[in-house]
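A.B. asks: Turn this into a structure:
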Amino acid sequence: MTEKVQLEGDDRDAHVVEDITGYITATPPRSFFLFAGAGSGKTRTLVEVLRRVTGVVNHEAGNQYANRLQSRGQTVRVITYTKNATDVVIGRLGENDLTSVSTIHAFCWELIRGFDEDIKEAYLALKDAELAEAKQTAAKKKNGETATDLRKYAEIEAEADQIRTIERFLYHPDRNTYGPGALAHSTVLSVAAWLLSHRPTLQRILEERHPLLLIDESQDTMRDILDALLKLEATRSGKFNLGLLGDHRQRIYQDGHQDLPAHIPKHWEFPALKMNHRSQKRVVELINAIWDADINGRTQPKSGFAQYAQTTKSAGVVRMFIGDAKLETAEKIAKERTCAAAMAEATGLDAWADGTRTFKTLALEHKLAAKRGGFFDAYSAMDLLDEDAAAPKSNGERTGPSMVRPLLGPVLELARCFTATGDLNEFAAMNVLRAAKALDCLSCGVDERRAELTKLHDAVMAFGAATRRPDATVRDALEPLLAAQVFDTHERLIEAFADATPPPAPPQVVSREERADRLRRGWCHLFDTPWEQVGRYRAYLSGDAELATHQVVKGSEFPHVMVVMDDHDARGFLFSYDKLFGAEQLSKGDNDNIAAGKETTIDRTLRLLYVTCSRAEESLALVLWASDRTAAVDAIKATGWFLPEEIFLLE
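C.D. replies: Residues are numbered from 1 along each chain as shown. Next up is the predicted model:
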């Protein structure tokens, strides 16, 4: 086995493109699942296969396949996880009339758009299923149905009644702005899955348009839609084929199958990319060890392949730091700076040095990132206003709540037109105002126009003066702009700004809070937020900040990475690094899941750790804030993942 690995070297995956091309062009075509680990060149492989089967690269079987597609007016459909991934594939592939590339949401909406009566029927069927499940769950309770259960039934039935009144549906997650006919991402997928399973006509439409569907990041594809496509492939074998690409070890969302390889038919082909072209050898060794770990609480099988680093990447630096979770956030941030200094010394690189830091910090949860990044008030307010849009999403949606625009757009851009001393770059400011169409409504008369421009200038200068104050709030910054109606602003923001009533008290049970009360608390919190936090929040939202969450960096890579693991500040319940590293005992629920063979907190956290560590190219710092440092150190040493000189206890 060792001799074979040495002989294959860095070219061990060279045959995979030709193998997959063969599956697609065979008679009949064969479906496949490509196992593609972190940094394995999955996108390059996908593009090279597409170039062959669409005739871009001269290939005898590929040319024949391309001719069949063209003669029938068909295309190969490629489904990516994010809009950025779509752009990457299209950019590398170039102009190609025989491929259609989009996200899974765009693909599903394209299939069902305009079939409003069918959408309504599917949506109502999903509500019926939701109601039945809620009643079934309540029936299993020892004391039977509660008042909370009855309220939930009533809410579901009210939603169903509202759906019955809708005549036209559109794809937009913001129901607050676009009304009850707006379908969120998950709803579009669920409705499409139901229709694919119940509408033979839709199945034929898909088959006739796209005889081959390639799905990237298939491990995180919503179960319902993936099951519907697998069923379609099984019933229309040879006419409709699937190619699934991904790595089940990197599944970080609950929508996907817990163990995707177990759901793939045995007669499919199973090619694999085993090289890791991204990371240095030490990082690759670590992620291999993480996945191969025998940890109490793990139920997920170790299926998959170990990766190999390129022979030219034989180095890499990894360090594990363990600190006390009971420290205040400010103290933890200071300690994390000392960790970075230790990495600078170990690597000899300025990327880790204070003042020139260019490493990426990955946090478990958005609240943790907000605390570390100094924009906790801004994030908390946005979360109250629209929890679905408040955080950056891995699918590329990073615009923030629509209700707060233009705060996160032209208002911030206008602020950047001022120097630290308060001087205004008038040319840059005019460009911001033009782009925001703030000058479109100026009068034609010379005197009126001059007066309006003077008013506009005064408002802009007052805004600049307000934002320079150290204690400036969002309210202070917005007041002159709203008074002069400089920007086209959402009516909800205008109404909330004018509302002088105090915010309601936070609820004891969040799930029982009325929507109006939550919004009012959100607006008040936003207007009281320090102005300086808005820019930091926007940088985080757009992905330009030093900080990011584990989920959002899916598919990304960075030369140097610091992973901050702090259950205490994150306050989540799906993941627990304390449990993974032995600083906290497994709960009764964990043990019940283990006994039932269900996914556990350990499974989820182990995969998340695998994902974060595999983002690093050159060096990796892991910082664990443990509730029991001694137990954590003992457990970490027991894993064998780290050398003794790689483990440091933060005093």
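A.B. asks: Chain neighbours aside, what residue packs nearest to M275?
C.D. replies: D13 (5.0 Å; Cβ to Cβ, 6 or more residues apart in numbering). Placement of C-beta: from N, CA and C, glycine included.
A.B. asks: Reduced to three states, what does that neighbour come out as?
C.D. replies: The assignment at D13 comes out as coil when based on DSSP: H, G, I helix; E, B strand; the rest coil.
A.B. asks: Quick check, it in contact with R44.
C.D. replies: No - when contacts are counted by Cβ atoms under 8 Å, D13 is not listed as touching R44 (10.1 Å).
A.B. asks: hmm, back to that, ramachandran coordinates for the residue nearest to M275?
C.D. replies: The phi and psi values for D13, taken as degrees, to the nearest 10, are phi -100, psi 10.
A.B. asks: which ones are touching it?
C.D. replies: Residues counted as contacts of D13 (Cβ atoms under 8 Å, 6 or more residues apart in numbering) are 40-41, 45, 273-275.
A.B. asks: where's the most far-flung residue of the chain relative to its centre, which helix or strand?
C.D. replies: In terms of distance from the mean C-alpha position of the chain, D447 ranks first, at 51.8 Å (Cα atoms, centre = their mean). When elements are assigned from DSSP states H and E, D447 belongs to helix 446-468.
A.B. asks: how far out from the middle of the chain is that helix?
C.D. replies: In terms of Cα atoms, centre = their mean, to the nearest Å, the centre of helix 446-468 is found 40 Å from the chain centre.
A.B. asks: Offset the numbering so it begins at 8, please.
C.D. replies: With 8 as the first residue, the last one maps to helix 453-475.
A.B. asks: Not counting its own residues, what contacts the helix or strand just after it?
C.D. replies: In the C-terminal direction, the helix or strand that comes right after helix 453-475 (DSSP H and E) is helix 481-490. Contacts to helix 481-490, defined as Cβ under 8 Å, 6+ apart, come from residues 414, 418, 422, 465-467, 469-470, 473-474, 476, 494, 496, 501, 504, 533-538, 541.
A.B. asks: picking that back up, restricting to C-alpha, output the helix holding D454 in PDB.
C.D. replies: The C-alpha atoms that make up helix 453-475 are tabulated as PDB, following Å, rounded to 0.1, in the frame of the first residue of the first chain:
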ATOM      1  CA  VAL A 453     -32.300  77.800 -10.600                       C
ATOM      2  CA  ASP A 454     -33.200  79.400  -7.300                       C
ATOM      3  CA  GLU A 455     -35.200  76.400  -6.000                       C
ATOM      4  CA  ARG A 456     -32.400  74.000  -7.000                       C
ATOM      5  CA  ARG A 457     -29.800  76.200  -5.300                       C
ATOM      6  CA  ALA A 458     -31.900  76.200  -2.100                       C
ATOM      7  CA  GLU A 459     -32.400  72.500  -2.200                       C
ATOM      8  CA  LEU A 460     -28.700  71.800  -2.700                       C
ATOM      9  CA  THR A 461     -27.900  74.100   0.200                       C
ATOM     10  CA  LYS A 462     -30.300  72.200   2.400                       C
ATOM     11  CA  LEU A 463     -28.700  68.900   1.200                       C
ATOM     12  CA  HIS A 464     -25.200  70.200   1.900                       C
ATOM     13  CA  ASP A 465     -26.100  71.300   5.400                       C
ATOM     14  CA  ALA A 466     -27.700  68.000   6.200                       C
ATOM     15  CA  VAL A 467     -24.600  66.100   4.900                       C
ATOM     16  CA  MET A 468     -22.300  68.300   7.000                       C
ATOM     17  CA  ALA A 469     -24.400  67.900  10.100                       C
ATOM     18  CA  PHE A 470     -24.300  64.200   9.500                       C
ATOM     19  CA  GLY A 471     -20.500  64.300   9.300                       C
ATOM     20  CA  ALA A 472     -20.200  66.300  12.500                       C
ATOM     21  CA  ALA A 473     -22.500  63.900  14.300                       C
ATOM     22  CA  THR A 474     -20.600  60.800  13.300                       C
ATOM     23  CA  ARG A 475     -17.300  62.300  14.500                       C
END
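A.B. asks: ok, residues contacting stretch 326-337?
C.D. replies: With contacts defined as Cβ under 8 Å, 6+ apart, stretch 326-337 is touched by 339, 342, 346, 349-350, 353, 378-379, 573-576, 585, 590, 627-634, 636, 639-640, 643, 648-649, 653-657.
A.B. asks: Kindly check the end-to-end length of it for me.
C.D. replies: Across stretch 326-337, the terminal residues are separated by 22 Å (Cα to Cα, to the nearest Å).
A.B. asks: and what of stretch 474-485?
C.D. replies: Between the start and the finish of stretch 474-485 there is a gap of 9 Å, counting by Cα to Cα.
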